[in-house]
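Curious how this folds, go ahead:
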Amino acid sequence: MYSEINCGDGSNIAIPSINLIIAFIGIVATKQPHFPWHAFVHHVLTIIAFLFNIFAIIDLTLMAERWSSWSHHPRTSANWPHNFIVMDMVFVSVLMVNEIICGIMLFIQIVYFRNYFENCTLRRSTNLQRDNISERDQIVPA
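As a prediction, this is how the structure comes out:
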């Protein structure tokens, strides 16, 4: 009936799966805050999801636009292209909310990592200063 199908490129399956994996890694990262590796993996995967979500938003918007040409002259009385437009736009709106959440998470993670590394550097410099002072106190002039 139609020369293409909705969701034919798999973007409606791949992107939510990636977001689900990232959510589970985020749960592990928050349950084990003393392991910085989990937080780093979550940060990298959130960046990847942010980029994939942009791709999915563009792809689904273009799919809705393709179906809009069919919805003006449907081949059946059910007007399936209009239903596909509605589905694609619902997916786009959900992905936009997800993109906003990913952006907020990235901002929080960047601020957290920046403060974490500043505190580590500050601790390291105070430890070095303390060690230098204690070494100077132990040197006895001859």
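
Check which helix or strand Ile101 maps to.
Assigned by DSSP states H and E, Ile101 belongs to helix 80-138.

Show the average pLDDT along that helix.
Mean pLDDT, helix 80-138: 74.

Stretch 17-26 now?
So the average pLDDT for stretch 17-26 ends up being 79.

list the buried ones in that stretch?
Ile18, Asn19, Ile22, Ile25, Gly26 (16 or more other CB atoms under 10 Å). In this view, the C-beta of every residue, glycine as well, is placed from N, C-alpha and C.

can you check stretch 92-103 too?
Under 16+ other CB under 10 Å, the buried positions of stretch 92-103 are Val92, Leu95, Asn98, Glu99, Cys102.

hang on, the first one packs against Asp59?
The reference is to Val92. No. The criterion here is CB atoms under 8 Å, and Val92 misses it with Asp59 at 9.4 Å.

related to what we said a few turns ago, kindly reformat the buried residues of stretch 17-26 as a markdown table containing distance to Trp37 and secondary structure.
Converted to a markdown table, these look like this (distance: CB to CB, whole Å; DSSP: H, G, I helix; E, B strand; the rest coil):
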| residue | distance to Trp37 | secondary structure |
| --- | --- | --- |
| Ile18 | 20 | helix |
| Asn19 | 21 | helix |
| Ile22 | 15 | helix |
| Ile25 | 11 | helix |
| Gly26 | 14 | helix |
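
Return the closest of those with respect to Asn53.
Among the buried residues of stretch 17-26, Asn19 lies closest to Asn53 (CB to CB), at 7.7 Å.
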